[in-house]
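Asks: Here is a sequence with its predicted model. Questions after.
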There are 4 protein chains.
Amino acid sequence: MSRYNRLKRRVYEVLEVAKPDDKLSKAVDIILMSLILLNVALIIAGTFELHETAIQVFTVIENVSVAVFTVEYILRLWTSDLKFTELSPFRARLRYIRTFAAVIDLVSLLPSFIPAMSSSFMVLRMFRVLRLLRVFKLNRYTHALKDIGEVFKRKAGQLISSMLVVSFLMIIAAVLMYDAEHEAQPEVFDNALSGMWWAIATLTTVGYGDIYPVTVVGKIMSAIIAILGIGLVAVPTGIISAGFTEQIERNKAEKETPEPDDEKTFCPYCGHKLDK
Amino acid sequence: MSRYNRLKRRVYEVLEVAKPDDKLSKAVDIILMSLILLNVALIIAGTFELHETAIQVFTVIENVSVAVFTVEYILRLWTSDLKFTELSPFRARLRYIRTFAAVIDLVSLLPSFIPAMSSSFMVLRMFRVLRLLRVFKLNRYTHALKDIGEVFKRKAGQLISSMLVVSFLMIIAAVLMYDAEHEAQPEVFDNALSGMWWAIATLTTVGYGDIYPVTVVGKIMSAIIAILGIGLVAVPTGIISAGFTEQIERNKAEKETPEPDDEKTFCPYCGHKLDK
Amino acid sequence: MSRYNRLKRRVYEVLEVAKPDDKLSKAVDIILMSLILLNVALIIAGTFELHETAIQVFTVIENVSVAVFTVEYILRLWTSDLKFTELSPFRARLRYIRTFAAVIDLVSLLPSFIPAMSSSFMVLRMFRVLRLLRVFKLNRYTHALKDIGEVFKRKAGQLISSMLVVSFLMIIAAVLMYDAEHEAQPEVFDNALSGMWWAIATLTTVGYGDIYPVTVVGKIMSAIIAILGIGLVAVPTGIISAGFTEQIERNKAEKETPEPDDEKTFCPYCGHKLDK
Amino acid sequence: MSRYNRLKRRVYEVLEVAKPDDKLSKAVDIILMSLILLNVALIIAGTFELHETAIQVFTVIENVSVAVFTVEYILRLWTSDLKFTELSPFRARLRYIRTFAAVIDLVSLLPSFIPAMSSSFMVLRMFRVLRLLRVFKLNRYTHALKDIGEVFKRKAGQLISSMLVVSFLMIIAAVLMYDAEHEAQPEVFDNALSGMWWAIATLTTVGYGDIYPVTVVGKIMSAIIAILGIGLVAVPTGIISAGFTEQIERNKAEKETPEPDDEKTFCPYCGHKLDK
């Protein structure tokens, strides 16, 4: 293996999840994570009125972060053919660019390089918030998150269905409440979208108190909708709950599956020898 | 098969859920769905103050929708003997008229044809809202929704029972809170129905903040009721959750049930023949 | 069987849950249920300001109800030795008086017979509300309610434990919030009980909006408590949910238990013959 | 056994959970529990404005409690070598001091002995609140609480993961809402921390009503976040619920596991010997 290739492999190892005894790799992981968290803190701090000095310090941190993350992106791109060994070096890089993590990295870096994007304050901040998505990098090590994701994926159909029913209920409720309350509170229930805002606050049981029915008809409808709103929590919870129970069963079944046996096979349930 | 019959069968196929390779049927499905969603949007838009031009555009869309949905209803009625092949053509049509989907279609179309029903603004809108129920058509393709429906059907007894207990709790709470708070806030807790409104807002944890106890007795009772209100979410959630877990078991059991075998016995778990 | 005994048995049958073909028993059930519901409606109506005529009508209904329920109580007491056949007639009556249903009946009737209890308006209403407990009679026919009750009974230990933890959290939160907010809002957080009221409104996620933190320390603590409050819903829901899943398993196991077989016993799981 | 040792053993027995027929031990348990609850009540009462006499009574109770709890602590320390019999007496005491219960006891007693700690009112109260942790002693007898704790421990990974996702959502929501609402309500949404306060009130569905969006963009984002907030309840509930279901299965499996048998094989499901 050439010196170039050995360096490349080492860089790849350092950037990937650290192996137990790889101290440099661990240090890099911790530094990158800390920098991401520092950036998150800076975004929040940036909404306060700040001293001139603080703004200067922030700008320095900002520039250092952009530099570090840019170098990280280039190194990951360079070593991506070690990640996708089955592809040609060029295709491996194309593939890497399209991974979810790489897209997030690129989008969060772009505004710092394109002055036109920085000019509009609102647009800039929206992109900076996207940079927060890097926090997910902290989680890509977490095995448990994958379990949660799997439950959601397997139950997506049922969850979306229940959300559709809820949306339907929400629209019906919005129009009915507008009809019931518009005359009594023309300022508050000014159109069906206000009704929708009310429906969401009620169905999710947030209930800020900025909008609520005052007529008898409105209150009766509100009561029915609030009770149906319990279903809004109960159905997805039930689906997700059943999904996790199923997940446990699956993990157990995987572990318990007996190793193939050349001579004899036993029933994994009753332990009895099976005829062939 | 006569030309008439072939046409009829084709119309039936086009209106029913599209087969994978039937492009016309798919296009019709998408057009009908889009038209329903457009109508939903129109109902919401109709609650805003609109320009003269917008109202004219809306009227045109309204009329086109009514025409399309009327034709759809007639064609579905015509081809309904292909849906219920076991019945005579006349009985098949009678049966179709009584299906849930057909009743919704008819009720949502009627106000457009009966001027007397359109005269009252409130009544008209109520019927228009019912037209929203067509959204369920979007879902009748969804397999997952059927699963959710089955869980609710199987658990209906327990869910209704728990709702009865909650209603009981609500009435008790309403009368007690009226007694406790009426003197301190005669305007807010003016009768037991106000107490009921408070009880619903509290038990569902919406808590708008338009009505709440101020006396010590009222606050203590409110605390107890709010904590019991957690049960209002916990019990139906628990029932539905268990129902979904059961559903998963059932679906699995159905798939795994081995065919009966006269000669040999198989383990119902691993499907292997058992040694005798 | 003497004529007296036949009458007694008939009265007992009529008062108990109706058999499918016993029309008189069914009619009596429906009349008693309707009268209970009418009384519930009267209690709510009684909190409105009423016309002189309405009050007179209400008094008549009240008196008729008391008469009917008194007769029902006496008849049930008389026939209670048919209910508890294993006891002597005298002991059967003593036992009946101590059943939950009989105690509710008696307590709800007493205020109508003891004028001293009727004199105090508040006390009278409290007893009238207790009469509402008769609604549970409507449920004693419901098989599903028994299932729910069983789950609660079996999970009582865990539910009470989680409630203890919550109470602990509530007291801690109340005192801490009083310390944090007392100086900033001396009127609102006037003592630890106000803190408790806030803690309950927050942990149950009702959030009326009459009391909330305004200091930074208070808001941070409030955030932590609100997130812990999610556990308040999650833990009992999880316990109850697992309870219902267990219940389904139990009911299934009961049904599937194989009939005893004199000759051979088979494993109900793998269907294999068992050695004795 | 020497008289000293017999006394020591008796003290140990009395302080530990009472055996069914040990009346003295039971009495001590009840006295200690009552004293803890009395202290909890005193902390709450201490936030009210009190008469001079009440303060004197409170001081007496306070001093008695401190004396009793100090004696209890010393006796438990003395007898700790009977608790950890496998360790040397000295190491047993060191081990006892580091147990969770002992640390709580010591920390809650210290402020009464160190005058410097009592001088600052706020610090004193914070420590007094910690004394509340003694309530957990009431629970250390409860078997059910251990079950709940085990479920949380086993599901810790998934629960923390879901909390991480929620935190991420919260930060994104806070910054976005600040951007959307800052101009319209500069007083209410003054910086991203206010956005965070809003996000917590919304995601936990508390919704006090002190802070809510008024712009259209803010309301749409709020709606999305509120609906995602349902997941905040649904996911931990689902995880915990599955955990309790698993717990029941485990407890059942433990009871049912047949003892290994060299000669014969038993069906692990029905416990019967299998025919070979």
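Replies: Looks like it arrived, so ask away.

Asks: Give me the helices and strands touching the longest helix along chain A, please.
Replies: When chain A is parsed with DSSP state H, its longest helix is helix A:216-256. Helix A:216-256 sits against helix A:143-154, helix A:156-181, helix A:192-203, helix B:143-154, helix B:192-203, helix B:216-256, helix C:216-256, helix D:216-256, with contacts defined as 3 or more Cβ pairs under 8 Å, 6 or more residues apart in numbering or on different chains; DSSP states H and E. Bear in mind the C-beta positions are built from the backbone N, C-alpha and C, glycine included.

Asks: Can you tell me which of those is nearest to D:Gly195?
Replies: helix D:216-256 (10.2 Å; Cβ to Cβ).

Asks: So for the closest one, mean pLDDT?
Replies: The pLDDT scores in helix D:216-256 average 83.

Asks: and A:Thr79, backbone torsions?
Replies: Torsion angles at A:Thr79 (phi, psi; degrees, to the nearest 10) stand at phi -90, psi 10.

Asks: Kindly tell me how buried it is, as a neighbour count.
Replies: Per other Cβ atoms under 10 Å in any protein chain shown, the neighbour tally for A:Thr79 reads 22.

Asks: residues of stretch A:10-21 that come out buried?
Replies: A:Val11, A:Tyr12, A:Glu13, A:Val14, A:Leu15, A:Glu16, A:Ala18 (16 or more other Cβ atoms under 10 Å in any protein chain shown).

Asks: which ones among those are found in helices?
Replies: Going by DSSP H, the helices hold A:Val11, A:Tyr12, A:Glu13, A:Val14, A:Leu15 from the buried residues of stretch A:10-21.

Asks: From what I see, the fourth one and A:Ser25 are in contact.
Replies: Yes: taking contacts as Cβ atoms under 8 Å, A:Val14 lies within contact range of A:Ser25: 4.6 Å.

Asks: Sketch out the low-pLDDT regions of the stretch 1-150 of chain A for me.
Replies: Per-residue confidence for the stretch 1-150 of chain A (pLDDT under 70) gives these ranges: A:1, A:17-18, A:115-144.

Asks: that older thread, identify, from the ones in helices among the buried residues of stretch A:10-21, the entry nearest to chain B.
Replies: A:Leu15 (40.4 Å; Cβ to the nearest Cβ).

Asks: was I right about the closest one contacting A:Val28?
Replies: Yes: assessed by Cβ under 8 Å, A:Leu15 is found in contact with A:Val28 at 7.0 Å.

Asks: A:Tyr212: what secondary structure?
Replies: coil (DSSP: H, G, I helix; E, B strand; the rest coil).

Asks: List phi and psi for it.
Replies: Torsion angles, degrees, to the nearest 10, at A:Tyr212: phi -160, psi 160.

Asks: burial count for the closest residue to it other than its chain neighbours?
Replies: Counting by Cβ to Cβ, 6 or more residues apart in numbering or on different chains, B:Tyr208 is the residue found nearest to A:Tyr212 once chain neighbours are left out, at 4.2 Å. Number of residues near B:Tyr208 (other Cβ under 10 Å) recorded here: 28.

Asks: returning to what we had before: can I get the helices and strands packed on helix A:216-256 in a markdown table with distance to D:Val40?
Replies: What follows is the helices and strands packed on helix A:216-256, written out as a markdown table (distance: least, Cβ to Cβ, whole Å):
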| stretch | distance to D:Val40 |
| --- | --- |
| helix A:143-154 | 37 |
| helix A:156-181 | 43 |
| helix A:192-203 | 37 |
| helix B:143-154 | 43 |
| helix B:192-203 | 26 |
| helix B:216-256 | 17 |
| helix C:216-256 | 18 |
| helix D:216-256 | 27 |
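
Asks: how about those helices, which one is nearest C:Arg154?
Replies: Across the helices and strands packed on helix A:216-256, closest to C:Arg154 is helix C:216-256 (Cβ to Cβ), at 6.1 Å.
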